[in-house]
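Trainee: I would like to see how this sequence folds:
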Amino acid sequence: MRRHDPADFVVPEQLWERAEMDAVLRARDAGGLFQLIRKYAGASQTGLTIRTGIAKSEISAIMAGHRRVTSLDRFESIADGLDMPDTARAKLGLAPRRPGPQMAAQPLGARAAAPERLPGRRALGRSRRECGTSFLRCAASVGGRRS
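Mentor: Numbers count the residues shown, from 1 in each chain. Model prediction:
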């Protein structure tokens, strides 16, 4: 007799477009996300554990509302484990998994243009004290240099 694999569940594509899923993703509510996956994909806590790498006791606590997921790394592992589409990942505040046209790979041998660099404080003629702790404020003052 063959045993059922708890990680063998399929999240319906339409689920990612539902209004309730949209609200859960935008609120970064991992508990609500897991509950919707259980409801519409038939996933068990064991299956969620296997797919996301999060301990079963933690998944239980998240679903019960006793714990909240706040780490982007944790959301990344959830998104990867659930094979979340890029539109849903964006609602969570995550980068797309598949590169878009602006991120397309360049052919071998092609060199990427060097990114523009902000000038260092020494290039601006400013001391560390003048720049203070905010380098960006110092770099932004390039145009209006004080003597």
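Trainee: tell me where the longest helix sits in the chain.
Mentor: Ranked by number of residues, the top helix in the chain under DSSP state H is helix 30-41.
Trainee: angle of the helix or strand following that one against helix 30-41?
Mentor: Downstream of helix 30-41, the next assigned helix or strand under DSSP states H and E is helix 45-52. Inter-element angle recorded for helix 45-52 and helix 30-41: 110 degrees (by axes from the mean of the first three to the mean of the last three Cα atoms, to 10 degrees).
Trainee: so which bits of helix 45-52 are buried?
Mentor: When burial is assessed from 16 or more other Cβ atoms under 10 Å, helix 45-52 yields the following buried residues: Q45, G47, L48, T49, I50, R51, T52. For every residue, glycine as well, the C-beta is placed using N, CA and C.
Trainee: which residues touch the longest helix of the chain?
Mentor: Here helix 30-41 makes contact (Cβ atoms under 8 Å, 6 or more residues apart in numbering) with 9-12, 15, 18, 20-21, 23-25, 43-45, 48, 59, 62-65, 68-69, 74-75, 78, 82.
Trainee: poorly predicted segments of this structure, please.
Mentor: Scanning the chain for pLDDT under 70 picks out the ranges 1-2, 99-147.
Trainee: just the helices in it please.
Mentor: In the chain, the helices defined using DSSP H lie at 19-26, 30-41, 45-52, 56-64, 72-81, 86-92, 128-131, 135-140.
Trainee: and of those helices, who's closest to R3?
Mentor: helix 45-52 (12.1 Å; Cβ to Cβ).
Trainee: now that closest one - C-alpha only, PDB.
Mentor: Extracted C-alpha coordinates of helix 45-52, given in PDB (Å, rounded to 0.1, in the frame of the first residue of the first chain):
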ATOM      1  CA  GLN A  45       0.500  21.400   8.700                       C
ATOM      2  CA  THR A  46       2.900  18.500   8.000                       C
ATOM      3  CA  GLY A  47       2.800  19.300   4.300                       C
ATOM      4  CA  LEU A  48       3.400  23.000   5.000                       C
ATOM      5  CA  THR A  49       6.300  22.100   7.200                       C
ATOM      6  CA  ILE A  50       7.900  20.000   4.500                       C
ATOM      7  CA  ARG A  51       7.400  22.600   1.800                       C
ATOM      8  CA  THR A  52       8.400  25.700   3.800                       C
END
